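In: The sequence isn't on hand, but the structure is:
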Ligand code: ADP
Ligand code: ZN
Ligand code: ZN
């Protein structure tokens, strides 16, 4: 029987983003399987290119074409992806409007694409230990004993080196067939030993939560519990339970390189059963971890969002820790949201999905209280201690008394006290030198767009601009509320904080943790350990210090400018601020001493700060939910972002205008979808490329999104090389 392969080519080009049919030569017929990597001739010159078999068809299922080409070769005898994976690829393509190849690349480790191989070594194994054939059995007794204990572990040269065994004697034993040399795959994972992490005696709340998750007939859970309420212990028990039932688990953390502590605990409890998967692995390490998982040698996968696509054997559980973090949304194609993909996979495989957080997203909590998913709550900290006290400091008052430094009098004094008592301090600045909103330092007034409720952004040509809808205002020279002249844009970086600290507190040892100081591999972990060991008195940092760090000697946390987070031009800025403050506060008072949090701001009355200060999640949710409903932001409406980049700004502008025109014609058939823009992006140029955007807001479905995508591609056919466009549904930000 003649078979035909449906092949996806390994190429970026949009024009060939579809399956191509190739005839399978008879010689390859018995070997061909869906999921293999193959080579096919392509184009006018029949250049051999790599591709993936996504389907196999019989003669009556393909339309006859006398020019149909033949498959050249099969590159991987074993299929590298399964039929389930192929369905997942279709799902990703549909939902995130990506190309086939983008989806394939998520599922296949880079190493395999580049032809990486297993690393092998020849190890010596014992065949028999009966020495009666040897001329001088006594002389070999010791060697045989050593090899018996280490059979299959060492190569010949390692045996000679480690145990001072004579090469002559080893060769003799090999010749006589007492030993043999075997090729063994070795894995490049980190062999480091971790301190054993013992099971804890569970609290009542922990027991109930576990019981509920294991017995509920729902399969998706929101585990809501304050920092320190023992969620991680719950995760580990659920993982243990899965292992006992011979099932694998995937545990996603926001960015693993940033949470050394989580690794310590999982490795400490499950040892070699754990596969680690994050952005800083080398291709070789990635390839090895992938194999360990595929072969079922590692059944606990801890990793960043892409770990979701590992070929876990018999998957029983997916955990997404800190589910509110924005790193679960991919910024590259496919622009997937890991929570949605996890849900798809969990449903498909009959696995349980647990979303954990102290501060769930509005979307997740909404689903939980409406009963769509199961809400499991833990209300108390394991140690029974109260959460650290939060104090809001009004920076307008500081200005009034002439204090223009980065530190309020209150924070200054608290730092002094903590240093004196030899306690540690964490100072937090949520963004590194990147900020453009404009506010009044006397009364706290912030310039916002009347339409979008979004902070307006300062532009170099003397205008303020709304980056959602494009509305502009002239740069103000005084405050419309209090008439003060002290109106300017906001910004300070971690470097400046460090400089000021060094100026006022000369003897304090400072560790700074931001994008600049953590570029090198393992540098994050080194700084983390240094501070943990007490090699620093003050830790200054950005976002990256807000999560998962546990330092018992930290008693003071200072949030230097809560305004930076409140005024990010994004509809989620209030939610992010609430989350951030709650997270950062969780870093104080983890040990026996009581902790304190000082929050500096020009708008202490802002609801995100008021609710955060009182640890009132429900209160915050109620308020934020009404704002979202009013403005038609998610979970009510969706946002679709169209982004265009080009070196030629005029061409890009024309193109985006044309698109907007075509879209507004299309929108006549729809109700309640708003078109915002086109407008230059907040970061309007990256390297040589100008950036423009169009935002669609409202209730739309995938069919509508797909229509928009087609419209984009049709419009862009002629200048495809000059303009790059991308499309993103519910993006992380509109920057
Ligand atoms: P979360 O993940 O909710 O922030 P953790 O699981 O990290 O909380 O727990 C906080 C601290 O309490 C950790 O040091 C952990 O080892 C400890 N812990 C957790 N559960 C228990 C328990 N049942 N008994 C004693 N200590 C516990
Ligand atoms: Zn003012
Ligand atoms: Zn606006």
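Out: Nice, thanks for sending it over. If you're wondering where the values come from, they're calculated on a predicted model, not measured in any experiment. Ligands and ions are numbered 1, 2, ... in the order given.
In: Surely residue 39 forms part of a strand?
Out: Yes. Membership of residue 39 in a strand is supported by DSSP: H, G, I helix; E, B strand; the rest coil.
In: for it, which residues make a bridge with it?
Out: residue 50, residue 73 (DSSP bridges).
In: How about residue 465?
Out: Bridge pairing for residue 465 (DSSP bridges) gives the partners residue 457, residue 472.
In: what about it, how many neighbours?
Out: By other C-beta atoms under 10 Å, 22 other residues sit near residue 465. The way it works is simple: take the backbone N, C-alpha and C, and place the C-beta from them, glycine included.
In: what's the weakest-modelled helix or strand in this protein?
Out: Ranked by mean pLDDT, DSSP states H and E, the weakest helix or strand in the chain is helix 110-113, scoring a mean of 64.
In: Report the residue ranges of every domain in this structure.
Out: Per automatic domain parsing, the structural domains of the chain span 3-113, 119-186, 204-383, 389-432+494-627, 435-491, 638-729.
In: Endpoints of stretch 162-181, how far apart?
Out: 17 Å (C-alpha to C-alpha, to the nearest Å).
In: Rounded mean pLDDT for that stretch, please.
Out: The average pLDDT for stretch 162-181 rounds to 85.
In: Mind listing residues that contact it?
Out: The contact list for stretch 162-181, computed with C-beta atoms under 8 Å, 6 or more residues apart in numbering, reads 122-129, 131, 133-134, 139-140, 143-144, 146-147, 154, 156, 159-160.
In: Name only those of those that count as buried.
Out: 123-124, 126, 131, 134, 140, 143-144, 146-147, 154, 156, 159 (16 or more other C-beta atoms under 10 Å).
In: Among the residues you listed, list the two that are farthest apart in space.
Out: Largest separation among the buried ones among the contacts of stretch 162-181 by C-beta to C-beta: 123 and 134, giving 22.2 Å.
In: quick one, what contacts whatever residue of the stretch 1-150 of the chain ends up closest to ligand 2?
Out: The minimum distance from the stretch 1-150 of the chain to ligand 2, using C-beta to the ion, falls at residue 96 (43.7 Å). Counting by C-beta under 8 Å, 6+ apart, residue 96 touches 333-336, 729.
In: all strands of the stretch 1-150 of the chain, in order?
Out: 3-9, 20-24, 37-42, 47-58, 73-74, 119-126 (DSSP state E, counting those that start in this stretch).
In: ok, now which ones touch the residue lying closest to residue 401 once chain neighbours are set aside?
Out: Leaving out its chain neighbours, the residue that sits closest to residue 401 by C-beta to C-beta, 6 or more residues apart in numbering is residue 409, at 7.8 Å. By C-beta under 8 Å, 6+ apart, the contact set of residue 409 is 398, 401, 403.
In: Which among the residues you listed count as buried?
Out: Here, 16+ other C-beta under 10 Å leaves residue 398 buried among the contacts of residue 409.
In: In helices, which of the contacts of residue 409 fall?
Out: Among these, DSSP state H puts residue 398 in helices.
In: Any chance of CSV for the contacts of residue 409, columns distance to residue 226?
Out: Below are the contacts of residue 409 laid out as CSV (distance: C-beta to C-beta, whole Å):
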residue, distance to residue 226
398, 31
401, 36
403, 34
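In: what does this structure have sitting close to ligand 1?
Out: 200-203, 206, 225, 227-233, 382 (C-beta under 6 Å from any ligand atom).
In: where does the stretch 401-550 of the chain have low pLDDT?
Out: For the stretch 401-550 of the chain, residues meeting the criterion pLDDT under 70 lie at 431-435, 459-460, 491-492, 546-549.
In: From residue 252, how far off is the residue of it found nearest ligand 1?
Out: Nearest residue of the stretch 401-550 of the chain to ligand 1: residue 550, at 6.5 Å (C-beta to the nearest ligand atom). Applying C-beta to C-beta, to the nearest Å, the value for residue 550 to residue 252 is 19 Å.
In: Neighbour count: these two, which is higher?
Out: Counted by other C-beta under 10 Å, residue 550 and residue 252 do not tie: residue 252 has more neighbours, with 28 against 16.
In: biggest strand in this structure, by residue count?
Out: In terms of residue count, the longest strand belonging to the chain (DSSP state E) is strand 673-686.
In: Strand partners (parallel or antiparallel) of that strand?
Out: The pairing partners recorded for strand 673-686 under DSSP bridges are strand 689-698 (antiparallel).
In: From the chain's centroid, how far away is the helix or strand that the partner strand is followed by?
Out: Later in the chain than strand 689-698, the nearest helix or strand by DSSP states H and E is helix 702-715. Distance, stretch centre to chain centre, for helix 702-715: 28 Å (C-alpha atoms, centre = their mean, to the nearest Å).
In: Also stretch 221-232?
Out: Its chain's C-alpha centre lies 19 Å from the corresponding centre of stretch 221-232 when counted by C-alpha atoms, centre = their mean.
In: swap in stretch 373-387?
Out: On the basis of C-alpha atoms, centre = their mean, the separation between the geometric centre of stretch 373-387 and that of its chain is 25 Å.
In: tell me the most buried of the strands of the stretch 1-150 of the chain?
Out: Across the strands of the stretch 1-150 of the chain, averaging neighbours per residue (mean count of other C-beta atoms under 10 Å) puts strand 3-9 on top, at a mean of 21.
In: and that one with strand 37-42, angle?
Out: Taking axes from the mean of the first three to the mean of the last three C-alpha atoms, to 10 degrees, one finds strand 3-9 and strand 37-42 inclined to each other by 90 degrees.
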